[in-house]
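Peer 1: how would this look folded up:
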Amino acid sequence: MTEQTAPETARTEVNRLRQTFEEAAQDPAVGQAWPGWEPGEFQVHFIYTGVCESMFYIFPDGTSMLLDCGDHPACNRGELAVPILPDQSRHAGEWIARYVARVNPNQEDVDYMMVSHFHADHTGGDTWHAGETSGRGEDYYLSGFAQAAETLRFGTCVDRGWPDYNDPIPLAGPELDNMQKLYAWLQKKGDVRFRKFRVGELGQIAMQRDGARYADSFGIRNICGNGKIALADGGIRDLYAGFEGQWLNENAMSLGMVMKYGPFRFFTGGDFSDKAPALQGRPQVEIENELGPQVGPVDVCKINHHGHHSMPDGFVKAVRARVYVGCVWDQLHNLDPVMARLSDTDLYPGERLVCPGIMPAERRAVDSGKPWMATVPPAAYEGGHVVLNVTDGGERYSVTYLSAADESMQIRSVFYFETRS
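Peer 2: This is a model prediction of the structure:
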């Protein structure tokens, strides 16, 4: 075989992906309903609504976690809005709760709720809601988590600031205010335990149902939060140590975790992105580039900050993911420079699959002909839930698009992978 030139290699990669897209769309499972979770599977459901970010996790023993559940008026953004699915007859918190009840092996009982950071598209808030409670003491708006909690029953709540919300500086805002009122109601009912996320800890988020069975193969490490990063040597780097300002970018405070199942590794980090200021003699730094080497190579990576001015070279080069998944509620998500970096084989070699929740027609027209478009499966064009399913003790995994146009959970495309060693 003759050695290929760089352009020929790029064409070969594109052809492989196109062949994979065709195979994925013709898989025997396509057109069938999602079969559900089986013991021993690790699943991440990236739930598409068109207005927020929300992910539902099922650990190998059946422990479950809802990470983020937002709601905000993204539909009012005019030409920047993306389709709201299934429709606007319900708010996102209700659509998400209904989705969770369908896929959760324990129906409405969810072991963990986690708030990555306090922005309305991740929590809900006071500007876009399904109404207000009555007779609950300090009443609150039914938006995001607060609406989902009308039907879902949570065991433990984890966020970045409980109970005093002063790390690294005092936090205030309508999102926190609404969540604290929800917390007060859940405490009054006695339903939920509350915990502050502890950066660097292994096992704060743990299997609750049959953990001993998978203890040697499955684990979660808290890798970042409140502007701090857990280092490989066990130390903690505080990127905002000495900060004396009155305001911080809430995105930079996002909670992040590395989850492993056997050889398989997955990263999620909320909206983790910012340029940390020059402090204590240190120059300004791109925080994602500081985090990437501590995360290290992963098989699947959630795209930081919806792919909006995020995922710099240093981070992408360090995580070296085979699959990237993006949570989308705006036409300005998964921007061209970000998508170009995710598909750049100069940063690291190999094929990529980039799975946004939606790549709408308007964006496809703007970015038509961009090389990175060849990494986006056609199943993303109309929008869909993306499901990561890790099996065989982490040896294999699949990425599936489900229809978000209704609640049929119909499979639209399936991609299969073997975990790299």
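Peer 1: where along this protein do the helices fall?
Peer 2: For the chain, the helices defined by DSSP state H occupy 6-25, 92-103, 120-123, 145-148, 174-189, 211-214, 287-295, 313-319, 336-342, 361-366.
Peer 1: Any idea how far the third one is from the middle of the chain?
Peer 2: The reference is to helix 120-123. 12 Å (CA atoms, centre = their mean, to the nearest Å).
Peer 1: Going by contacts, tell me the helices and strands next to that helix.
Peer 2: Counting contacts by 3 or more CB pairs under 8 Å, 6 or more residues apart in numbering; DSSP states H and E, helix 120-123 packs against strand 64-69, helix 174-189. From N, CA and C alone the C-beta is placed, and that goes for glycine too.
Peer 1: Local confidence estimate at Ala379?
Peer 2: Per-residue confidence at Ala379 stands at 97 (pLDDT).
Peer 1: Number of residues surrounding it?
Peer 2: Ala379 is flanked by 25 other residues according to other CB atoms under 10 Å.
Peer 1: if I read this right, it contacts Val399, doesn't it?
Peer 2: No. Using CB atoms under 8 Å as the test, Ala379 is too far from Val399 to be in contact (9.7 Å).
Peer 1: now for the helices of the chain, which one comes closest to Gly225?
Peer 2: helix 287-295 (10.9 Å; CB to CB).
Peer 1: got the buried residues for the closest one?
Peer 2: Ile287, Glu288, Asn289, Glu290, Leu291, Gly292, Gln294, Val295 (16 or more other CB atoms under 10 Å).
Peer 1: Adding distance to Thr127 and pLDDT, write the residues you listed out as CSV.
Peer 2: CSV is the format used below for the buried residues of helix 287-295 (distance: CB to CB, whole Å; pLDDT from 0 to 100):
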residue, distance to Thr127, pLDDT
Ile287, 28, 98
Glu288, 28, 98
Asn289, 33, 98
Glu290, 33, 97
Leu291, 31, 98
Gly292, 34, 98
Gln294, 35, 98
Val295, 33, 98
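Peer 1: Closest one of the residues you listed to Gln280?
Peer 2: Distance to Gln280 across the buried residues of helix 287-295 (CB to CB) is lowest for Glu290, with 14.6 Å.
Peer 1: So for the closest one, what's the nearest residue that isn't a sequence neighbour?
Peer 2: Residue nearest to Glu290 in three dimensions, not counting chain neighbours: Ile229, with 6.1 Å by CB to CB, 6 or more residues apart in numbering.
Peer 1: And Ala321, by the same measure?
Peer 2: Counting by CB to CB, 6+ apart, the residue nearest Ala321 is Cys301, at 3.9 Å.
Peer 1: Who is the one you found paired with across the strands?
Peer 2: Phe267, Tyr324 (DSSP bridges).
Peer 1: related to what we said a few turns ago, and the helices and strands packed on helix 120-123: which comes nearest Cys157?
Peer 2: helix 174-189 (6.9 Å).
Peer 1: Could you list the buried residues of that closest one?
Peer 2: Buried, per 16+ other CB under 10 Å, within helix 174-189: Glu175, Leu176, Asp177, Asn178, Met179, Gln180, Lys181, Leu182, Tyr183, Trp185, Leu186.
Peer 1: cool, and stretch 206-219?
Peer 2: Quick answer for stretch 206-219 (16+ other CB under 10 Å): Ala206, Met207, Gln208, Tyr214, Ser217, Phe218, Gly219.
Peer 1: Just put the residues you listed in TSV and tack on pLDDT and distance to Gly161.
Peer 2: Shown next, in TSV, are the buried residues of stretch 206-219 (pLDDT from 0 to 100; distance: CB to CB, whole Å):
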residue	pLDDT	distance to Gly161
Ala206	97	21
Met207	97	25
Gln208	95	23
Tyr214	96	30
Ser217	97	32
Phe218	98	27
Gly219	97	25
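Peer 1: Pull the most distant pair out of the residues you listed.
Peer 2: The span of those, defined through CB to CB, is set by Gln208 and Ser217 at 16.4 Å.
Peer 1: re the thing from before, what about the helices and strands packed on helix 120-123, which gets the closest to Ile223?
Peer 2: Here strand 64-69 is closest among the helices and strands packed on helix 120-123 (CB to CB), at 13.9 Å.
Peer 1: Helix 92-103 and that closest one, what's the angle between them?
Peer 2: 160 degrees (axes from the mean of the first three to the mean of the last three CA atoms, to 10 degrees).
Peer 1: heads up, I number from 853, so please use that
Peer 2: Taking 853 as the first residue, the last one we looked at is strand 916-921.
Peer 1: Against which helices or strands is strand 916-921 packed?
Peer 2: With contacts taken as 3+ CB pairs under 8 Å, 6+ apart, strand 916-921 sits against strand 906-910, helix 944-955, strand 961-966, helix 972-975, helix 997-1000.
Peer 1: Give me the mean pLDDT for it.
Peer 2: Rounded mean pLDDT across strand 916-921 is 98.
Peer 1: which other residues reach it?
Peer 2: By CB atoms under 8 Å, 6 or more residues apart in numbering, the residues outside strand 916-921 that reach it are 904-911, 944-945, 948, 952, 956-958, 961-968, 974-976, 996-997, 1000, 1004, 1006, 1057, 1120, 1122.
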